[in-house]
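> Let me see the structure of the following:
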Amino acid sequence: MRDHRRDGVPHGNLPLELDSFVGRGTELAELDRALDAGRLVTVTGTGGVGKSRLAARAGALRAPRDGVWRVELAPVRDAEFVDYAVVEALGLTDHTTRLPRETLFQHLAERELLLLLDGVEHLVDACAALVTDLLGRAPGLTVLAVGRRPLGVAGELLVPLAPLGPEEAVELLTVRAGQRKTPRRAEDGAPADPVEVRELCRRLDGIPLAIELAAGRLGALSPGQVLQRLDDRFRLLTGGDRSALPRHRTLRTAIGWSHELCTPQERLLWARLSVFAGPFDLEAAEYVCSGNGLPTGDVLDVLSALLAQSVLAREETPAGVRYRMLDTVRAYGTGWLEATGDAARLRRRHRDWYVGLATWCELEWFSPRQGEVAARVDAELPNLRSALEHCLTEPDAAHLGQYLAGALWFHWVGCGRLSEGRRWLEQAVRLDAEPTAGEQSRLKALWVLAYVAILQGDTVPALAALQECREEAERSANPTAVAYAEHRTGCLALVTDDMPRAERLLRSALERYREIGELNSNVLMGQVELAMTRAFQGDLADAVRLCEDVRRVCEDHGERWARGYALYVLAYAAWSEGDPVRARALLADCLSGAHGFRDQLGSVLAVELLALVTVAEGNPAEAAVLQGAAGRMWPSVGLPLFGSAHYNAPHELCERAAREQLGDERYEECVRHGARLGRPEAVSRALRRPGVPVSLPAPRGAAPRAVPGAPTAKPAAPPTRRGGETAG
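Sure, this is the predicted structure:
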């Protein structure tokens, strides 16, 4: 078996340390052999048998060159989102109009990795189609699927997982109970009877989830007492014939037995928590699940009790402590929620909480908590998607769907989710909402849709959405929507090189913002875009003045995203004035922020300009490497910057200077070297300090060498600009 650590660094998104793994050595070896033998392996078995845990351990023990990547599909309800879930798990960002599957084709084509699709049974057809396409396009890809049934794809190898044997089951029960409290007789504190322990495991058919639920009860009950309660339930279901109970009923019975042992409040919270589509935090549980028999102040204690009984699991995330419910346990709770007749009310409360969360996040995006907001929305995506689905399928909630899709603009635009955002926005604007409630929400959804389309380079639908937004906003006398429509129309003129029109529209929009008192990241981006029009028309001094003002406001408010674009313009001005040291410092700050937000556009612009700075520092080979790295990033950016003479100026200036100093053959060698760098490696390389050695491709016929990032010799003079062209 393989060790997934390489030089102490984990590859992929599996954790280095998995939870304790009990009694599956034989099955683990069998799965490892199957992964050696085939490119598609599916672990099948009944619910709760430990498929996910086995697959995760097998994945962690392998070491493909490009890592092991786990995709959790249990929270995905819509088959259309399977591709998005894989893109998300791989950490990919694509700003273009390409379908996510095309993004996957490009990313996986030359990589060697293991993709673990966990929880495929409710999405078999969609997963089978995706896997077939990916395996046909990516020769280095291996897929490990986990589900209750196979995918049915040609070449699929099956590893059926049976329940634990008697000894392994006893070991698991002992380990899990020991993590809470050693099994003891409740009446006298004596050690648990090993015969009772073995019989309990036998009655639970060796199903790990059932055993873990039983272990959660052994702090208060003895194994004999647990057995008695299970026997009572088995007899009730089967008329006394224990053999008539199939294994899937055994698990459901064990869950039901655990449910029966819960207090009324614990049962109530269990049912209500099933409304969450993914992990949730305490605040969400308190809002959504409290009331009607469960006071808000009691939710934490009741939730803690469910956690102690293995009904819930606790996890640490970048967004803080969160709780999750296994799919089988959630399904049981959903049945009870439906039976109470309270499901519709709980789904509305869930929707309202996440609409409120999106509102808070949009406001806090313009604050020092911008990074926290980005992490929070990432963590909440399964529940936000569920809320969007509810809004867009309930006739009386269409205006809320339009509001929610528009309120998340900062996530679609600033955090690299243009494709998904466009899907929701297009659905939202097609709906007819109540005239009074939905008018403003729909106008916002329209200009956000246009913004997304502009950044994807899709100008025709962007213009259509902006025209509709402007006309409806003027008809309804909505000055905010008019300002945003005018702003984004100016942005469209900017990226299509119509500088006079862009300047006029952007100045008008900024004046409208001032009149209505609007100040946020969008408004500041409008000022940065105005600065770009000034720079592109030769007035760098005015561009610097505008961006220094943006920088000051951003620093006053703790805003980092719009600030990064202002730093980009200031860095170009510094380079133009012959100050590559200042330009590099500004660009490093810009690139770090953009990469952290997964803003592909901001990242690639900064890398291109850093390449130009690197030429000015006298290192044309490293500049060519950075251009190659940027060239690999550009296909994921929809904004057609290389169709813009103004935005393209840094690239052309850098290429001309690097070719002159290196010669065509050496320049192309360095570009190819850079094109092999992944995005994290490219960003890390671009952020290196001058003087730090970096690896460069060896000239043909020479050995590889490392050279300093910047020489001690006097930097070369900046290349001559053509026709006064500048870049913003």
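> my read: residue 145 touches residue 38, true?
No - in this structure residue 145 lies outside contact range of residue 38 using C-beta atoms under 8 Å: 11.5 Å. No exception for glycine: its C-beta is placed from N, CA and C like everyone else's.
> Pull up the gap between the most centrally placed residue in the chain and residue 461, please.
Centrality entry for the chain: nearest residue to the mean C-alpha point is residue 88, 4.5 Å, by C-alpha atoms, centre = their mean. According to C-beta to C-beta, to the nearest Å, residue 88 stands 24 Å off from residue 461.
> tally of neighbours for residue 603?
Number of residues near residue 603 (other C-beta atoms under 10 Å) recorded here: 29.
> Neighbours of the closest residue to residue 97 other than its chain neighbours, how many?
Nearest residue to residue 97, sequence neighbours excluded (C-beta to C-beta, 6 or more residues apart in numbering): residue 456, at 4.8 Å. By the measure other C-beta under 10 Å, the count of residues near residue 456 is 23.
> got the phi/psi numbers for residue 456?
Dihedral angles of residue 456 (phi, psi; degrees, to the nearest 10) stand at phi -90, psi 0.
> Look up how far residue 385 lies from it.
Counting by C-beta to C-beta - residue 456 and residue 385 are separated by 20 Å.
> quick one: which of residue 145 and residue 38 has more around it?
residue 145 (29 against 15).
> Show me how far the host helix or strand of that one is from its chain's centre.
Secondary structure assignment for residue 145, by DSSP states H and E: strand 141-147. Averaging C-alpha positions (C-alpha atoms, centre = their mean, to the nearest Å) puts strand 141-147 20 Å from its chain's average.
> List the strands paired with it, with their directions.
strand 40-44 (parallel), strand 113-118 (parallel) (DSSP bridges).
> which other residues reach it?
35, 39-44, 51-52, 55, 58-59, 64, 108, 111-121, 124, 127, 131, 134-135, 151 (C-beta atoms under 8 Å, 6 or more residues apart in numbering).
> now with 7 Å?
35, 39-44, 51-52, 55, 58-59, 108, 113-121, 127, 131, 134-135, 151 (C-beta atoms under 7 Å, 6 or more residues apart in numbering).
> Repeat that for stretch 362-374.
Stretch 362-374 is contacted by residues 361, 407, 410, 415, 520-521, 557-561, 596-597 when judged by C-beta under 7 Å, 6+ apart.
> from the residues you listed, which ones fall inside strands?
Assigned to strands by DSSP state E, none of these qualify.
> Of the residues you listed, which count as buried by neighbour count?
Burial by neighbour count, judged by 16 or more other C-beta atoms under 10 Å, picks out 361, 407, 410, 415, 520, 521, 557, 559, 560, 561, 596, 597 from the contacts of stretch 362-374.
> confidence score at the fifth one?
Residue 520 is assigned a predicted lDDT (pLDDT) of 97.
> That one: what's it in contact with?
Residue 520 neighbours (C-beta under 7 Å, 6+ apart): residue 366.
> ok, it to residue 510 distance?
Taking C-beta to C-beta as the criterion, residue 520 is separated from residue 510 by 13 Å.
> try the third one
To residue 510, residue 410 is 19 Å away according to C-beta to C-beta.
> and if you look at the first one?
Applying C-beta to C-beta, one obtains 25 Å for the distance of residue 361 from residue 510.
> what about the closest residue to residue 479 other than its chain neighbours, how many residues close to it?
Nearest non-adjacent residue to residue 479, counting by C-beta to C-beta, 6+ apart: residue 516, 5.3 Å away. Residue 516 has 11 neighbours, counted by other C-beta under 10 Å.
> pretty sure residue 516 contacts residue 481?
No - under the criterion of C-beta atoms under 7 Å, residue 516 is not in contact with residue 481, lying 10.6 Å apart.
> how near is the residue nearest to the centre of the chain to residue 13?
10 Å.
> before we move on, what about residue 43?
Per C-beta to C-beta, residue 43 is found 19 Å from residue 13.
> ok, the two, which is more surrounded?
Neighbours were counted for residue 43 and for residue 13 using other C-beta under 10 Å; residue 43 has more, 26 against 14.
> coming back round to it: may I ask which two of the contacts of stretch 362-374 are separated the most?
407 and 596 (21.9 Å; C-beta to C-beta).
> Wait, a helix at residue 97?
No - under DSSP: H, G, I helix; E, B strand; the rest coil, residue 97 sits outside any helix and is assigned coil.
> My understanding was that it contacts residue 458; is that so?
Yes - counting by C-beta under 7 Å, residue 458 is a contact partner of residue 97 at 5.2 Å.
> which of these two has more neighbours?
residue 458 (19 against 16).
> Do you know the pLDDT at that one?
Reported pLDDT for residue 458: 89.
> same question, residue 692
Residue-level pLDDT assigned to residue 692 equals 62.
> And residue 404, by the same measure?
pLDDT, residue 404: 97.
> name the element it belongs to?
Using DSSP H and E, residue 404 falls in helix 398-407.
> Identify the residues contacting that helix?
351, 355, 358-359, 362, 387-388, 391-392, 424-425, 428-429, 431-434, 437-438, 441-442, 444-445, 448.
> and what of stretch 118-127?
Stretch 118-127 has contacts (C-beta under 7 Å, 6+ apart) with 52, 55, 70-74, 76, 79, 82, 117, 145-149, 151, 327.
> Could you rerun that using 6 Å?
52, 72-74, 79, 82, 117, 145-149, 151 (C-beta atoms under 6 Å, 6 or more residues apart in numbering).
> do the same with stretch 29-42
Where contact means C-beta under 6 Å, 6+ apart, the residues beyond stretch 29-42 that reach it are 1, 58, 135, 142-145, 150-151, 153, 155-159.
> No further questions, thank you.
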